[in-house]
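1. Predicted model and sequence follow; I will ask about them next.
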Amino acid sequence: MVGLFRRDVTVAVLASGSGGNCTYVGDGSAGVLVDCGISTRRIQERMEALGLKDAPIDGVLITHEHSDHVGSARVLYKRLLKDRGVKVPFYMTRGTLEGTSERSRPEGVEILTAGEPFRIRHMQINPFSVPHDVLDPVAYRVEVGGIAAAVVTDLGRPTKLVAKHMQDLDVLVLEYNHDLQQLMDGPYPWHLKQRIKGNHGHLSNRQANQLLRDSIGDKLQHLVLAHLSEHNNTPEKALRACHHALDYLKVDHVAVQAAPPCGPAAPISLVAHHW
Ligand SMILES: [Zn+2]
Ligand SMILES: [Zn+2]
């Protein structure tokens, strides 16, 4: 007999921004972290605060070698081994492994290839390339229990490939890094402004909206504006820009929140259906 049972899928942005990034996705029987750019203690504290203390971590998906994404990988590997007695694999591209400093490099690395989906238990993981100023960066789409979520941050411009992987999502964590005017008027030195707004830097509010326009579907329930710059954006500006795009697209079924710089954002819980 085929039975239907409920299981909640949780997507929790534990931290977001240049101070560190970490997102949990899981359904109670399997789970992953996307990035670990905050301290291990902070990851544990924030998971505990959300009732995720014993939530399964079957893998850690690293997007790229900047320390706000991979900083605590080495310590986290050891901590998970000590606390849970499990050698949790850290997934990353070969380029990311090569670019990661000795200090942050974890044991137990599994090399992945952008564009080649793989499974961690019953979770489907799809890494795809993004334009960013590192060796071989990826973003991730994670599917579990019929729910599709994607974490798409640290990219300099919208691309067709990225928009393709953002189709038919239930949950989207999308970079709204800067307001272009605020960046250009702000205190950063010229070369840094050029880097951030360049093709391999970070998404402006406007560029994020463009990706949204090219990908948004009826299924999308939750949108988290992420990796907001503390100096070059405000949550209000990012939200205003995003709502402007949603109004234009006549989309009113999506719950939107801005992850505060350094997070955490309010956790998202969805009902998954397993047949
Ligand atoms: Zn970053
Ligand atoms: Zn980065």
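-> Now that the structure is in, tell me what you want to look at. Ligands and ions are numbered 1, 2, ... in the order given.

2. same question for stretch 85-98, mean pLDDT?
-> Here stretch 85-98 scores 98 as its mean pLDDT.

3. May I have the predicted confidence score for Pro260?
-> 88.

4. burial count for it?
-> Summarising burial for Pro260: neighbours were counted as other Cβ atoms under 10 Å, giving 15. (Each C-beta comes from the backbone N, C-alpha and C, glycine too.)

5. need the contact list for the residue lying closest to it once chain neighbours are set aside.
-> With Cβ to Cβ, 6 or more residues apart in numbering as the criterion, Pro260 has its nearest non-adjacent residue at 6.4 Å, and that residue is Pro235. For Pro235, the contact set (Cβ atoms under 8 Å, 6 or more residues apart in numbering) comprises 225, 228, 258, 260.

6. if I look at the closest residue to ligand 2 within the stretch 1-150 of the chain, how far off is ligand 1?
-> Per Cβ to the ion, the residue of the stretch 1-150 of the chain with the smallest distance to ligand 2 is His66, at 3.6 Å. If you measure His66 against ligand 1 using Cβ to the ion, to the nearest Å, the figure is 5 Å.

7. Can you read off the pLDDT for the closest residue to ligand 2 within the stretch 151-275 of the chain?
-> Evaluated by Cβ to the ion, the stretch 151-275 of the chain has Asp154 as its residue closest to ligand 2, separated by 3.9 Å. We have a pLDDT of 98 for Asp154.

8. before we move on, what about Leu4?
-> For Leu4, the predicted pLDDT is 51.

9. Spit out the contact partners of Ala55.
-> By Cβ under 8 Å, 6+ apart, Ala55 lies in contact with 10, 24, 26, 28, 31, 47.

10. Check this structure for its longest strand and report it.
-> Counting residues, the longest strand found in the chain (DSSP state E) is strand 5-15.

11. How about it, which residues are buried there?
-> In terms of neighbour count (16 or more other Cβ atoms under 10 Å), strand 5-15 has its buried residues at 7, 9-15.

12. next one: stretch 219-227
-> Within stretch 219-227, the residues that qualify as buried are 220, 222-227, counting by 16+ other Cβ under 10 Å.

13. Reformat those into TSV and put distance to ligand 2 next to each item.
-> Formatted as TSV, these follow (distance: Cβ to the ion, whole Å):
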residue	distance to ligand 2
Leu220	25
His222	23
Leu223	21
Val224	18
Leu225	17
Ala226	12
His227	8
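
14. Now do the same for Pro127: helix, strand or coil?
-> Secondary structure, DSSP: H, G, I helix; E, B strand; the rest coil: Pro127 is strand.

15. For it, which non-adjacent residue is spatially closest?
-> Val138 is the one closest to Pro127 (Cβ to Cβ, 6+ apart), at 4.1 Å.

16. Alongside ligand 1, which residues does the stretch 101-250 of the chain contribute?
-> Residues of the stretch 101-250 of the chain lying close to ligand 1 (Cβ under 5 Å from the ion) are Asp154.

17. pLDDT score assigned to the spatially closest residue to Ser215 that is not a sequence neighbour?
-> Counting by Cβ to Cβ, 6+ apart, Ser215 lies nearest to Met166, which is 3.7 Å off, once chain neighbours are set aside. pLDDT recorded at Met166 is 98.

18. Met166 is in contact with Leu172, isn't it?
-> Yes: Met166 is within contact range of Leu172, at 6.5 Å (criterion: Cβ atoms under 8 Å).

19. anything in contact with each of these two?
-> With Cβ under 8 Å, 6+ apart applied, the overlap between the contact sets of Met166 and Leu172 consists of 150, 152.

20. As CSV, the buried residues of stretch 219-227 with pLDDT would be great.
-> Formatted as CSV, the buried residues of stretch 219-227 follow (pLDDT from 0 to 100):
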residue, pLDDT
Leu220, 97
His222, 98
Leu223, 98
Val224, 98
Leu225, 98
Ala226, 97
His227, 97
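
21. about what we covered before: what about the closest residue to the residue of the stretch 151-275 of the chain closest to ligand 2 other than its chain neighbours, neighbour count?
-> Of all residues not flanking Asp154 in the chain, His132 sits nearest, at 4.8 Å (Cβ to Cβ, 6+ apart). Around His132 there are 22 other residues, counting by other Cβ under 10 Å.
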